[in-house]
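1. give me the fold of what follows.
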Amino acid sequence: MTLALTVAGCSSPPPIAKQAQSAKPVAEAPRPEVDLSAYQKGRSQPVKDPVFPAYGNPAIDVLHYDLALDWKPASRTLSGTAKLTIRAAKPVTGVTLDFGRALKVDQVTVNGTGARPRRTGDDLTIPLAKPLKAGEGAVVTVRYHGRPRPVDAKQRRKDINMLGFRTGAGGRAWALQEPFGAFTWFPVNDHPSDEALYDVAITVPKGWSGVAHGTYKGKTTKGGTSTFRWESTDPVASYLTVFAADKFRMFKDKGPRGIPITYWIRPQDMAKTLPVARRMPAIMKWLEKKLGPYPFPSAGLVATSDSGMETQQMIALGPRYMEPSVVAHELAHHWFGDTVTPRTWRDMWLNEGFAMYFEMQWYADDQGGSIDTYIANIRRLDAELRRESGPPARYRRDSFGQSNVYYCPAIMLHEIRERIGDKKFFGMTTAWPQEHRNTTQDRASFTKWINQHTGRNFTKLIDTWLDSKTTPR
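-> Numbering: from 1, shown residues only. All right, here's what the predicted structure looks like:
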């Protein structure tokens, strides 16, 4: 920015001319080496995680990831160029990222100048020639290749024990990661408090498809390969990213208000999977009545080989999760978890309690039942779940994603609904994601907000249901 020099007016022209000739040139304000203005929507306030402190770096805020990925199924090799636009959240002399040790670093540059990183386990530390002050930025580019390996999360829940990049028969590949594991396929600040914008390009052999989170922007084919491009214009937490490479067929659909939807399904899976996928528009319409407008510009479903995740704008479901009620659950997360994301993993209940509640409500409406019946059934399990895994907001570290963070908070939500009535309850579930869109939140902010929104003090009820070792009465 140029500062304008203002000269006081005089009574006759000569002094003005003389003053102008003798005036010193006005220096421009120093320009930042990296302009961050284009990616301000990806700005976050990262924090250290109380449950998994080894992942994430609260000193940096990644605003944007530009990922160019090349998957070779025959050799099961991933090559990538990751360009990260980073803002220093506090003064730093180097940038430390989570990055899987199975991948070899070929080259690193900072603002176009070569840098020599050092590796410690799954940490990649890149020195800066010039330290960054808080608020200053840098563009870090990492070229790499190798055979990605998943990470053992050491959890009791077996279907999420191995996280990150996986491969299957014929070289098919997929990557799902909650609470961490994105670092197994690209350098990342792997923590939900650091959301960022993304551009992803996946190159695969001709006849294959590369699927990622965000909005599908088309493909280009050259020679024996095709490149599929994806764009996320709303910030994404690293655990909500997805990679899938397979011989998918793409199907198009439209959701409420014409929202574009794509389904990515292998030909051999179409008979079972496509009818389930085709229910997405109706489920989205039902959710919009309870939660307000769908928060993203597109939606989709990719049929992966394992697990089920609410990956942003592209839910990922393995064969045993391919059910309409699970689709409802994962789509509900796009309001509770994706557009409003927990700041740390201590507040996983803020995702799963709401998604579970609306899965049950959808199922009750779809089957002509009552949610009261489902709540009564899971209430009988509450005490056992707390004994096995701990209270929902104080679960044991090896009990991530156990049923206590799903069912116990869902009962809490039903109690709030019974106290304030359906109109105010669904007014609350609509207002929360709309008012906090593209933010990270925690228990304190949610409790403060719901008390203000309802005019009732629910602090004790929320604290008791989230922290008690026994079932609240």
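2. and the end-to-end length of stretch 312-326?
-> Start and end residues of stretch 312-326 are separated by 15 Å (C-alpha to C-alpha, to the nearest Å).
3. likewise for stretch 200-216?
-> This stretch, stretch 200-216, spans 10 Å end to end (C-alpha to C-alpha).
4. average model confidence for it?
-> For stretch 200-216, the mean per-residue pLDDT is 98.
5. buried residues in it?
-> Using 16 or more other C-beta atoms under 10 Å as the test for burial, stretch 200-216 gives 200-204, 208-216. No exception for glycine: its C-beta is placed from N, CA and C like everyone else's.
6. next one: stretch 218-228
-> Here stretch 218-228 shows 219, 225-228 as buried, counting by 16+ other C-beta under 10 Å.
7. now do the strands in the stretch 251-400 of the chain.
-> With strands called from DSSP state E, counting those that start in this stretch, the stretch 251-400 of the chain shows them at 260-265, 299-303, 308-309, 315-317, 340-342.
8. for residue 223, see how far away residue 107 is.
-> Note on residue 107: its distance to residue 223, by C-beta to C-beta, to the nearest Å, is 24 Å.
9. what do you get for residue 296?
-> On the measure of C-beta to C-beta, residue 296 and residue 223 end up 34 Å apart.
10. check what pLDDT the closest residue to residue 137 other than its chain neighbours gets.
-> Leaving aside its sequence neighbours, residue 137 sits nearest to residue 34 (C-beta to C-beta, 6 or more residues apart in numbering; 3.8 Å). pLDDT recorded at residue 34 is 91.
11. from here on, count from 50
-> With the count now opening at 50, the last piece we talked about shows up as residue 83.
12. any stretches of this protein with poor pLDDT?
-> Scanning the chain for pLDDT under 70 picks out 50-81.
13. domain ranges for it, per the record?
-> According to automatic domain parsing, the chain comprises the domains 88-294, 394-516.
14. so which of the ones you listed gets nearest residue 378?
-> The closest of the domains of the chain to residue 378 is domain 394-516. By C-beta to C-beta, the value is 3.9 Å.
15. could I get the full set of helices for the stretch 50-199 of the chain?
-> With helices called from DSSP state H, counting those that start in this stretch, the stretch 50-199 of the chain shows them at 62-71.
16. from one end of stretch 205-219 to the other, what's the distance?
-> End-to-end distance (C-alpha to C-alpha), stretch 205-219: 29 Å.
17. circling back to that earlier point, the residue nearest to residue 186 and residue 133 touch, don't they?
-> No. At 11.1 Å, residue 83 and residue 133 do not qualify as touching, with contact defined as C-beta atoms under 8 Å.
18. got the contact list for the spatially closest residue to residue 363 that is not a sequence neighbour?
-> Leaving aside its sequence neighbours, residue 363 sits nearest to residue 349 (C-beta to C-beta, 6+ apart; 4.2 Å). Residue 349 makes contact with 260, 265, 310-313, 362-364 under the criterion C-beta atoms under 8 Å, 6 or more residues apart in numbering.
19. ok, the residues you listed vs residue 291, which is closest?
-> Distance to residue 291 across these (C-beta to C-beta) is lowest for residue 363, with 5.8 Å.
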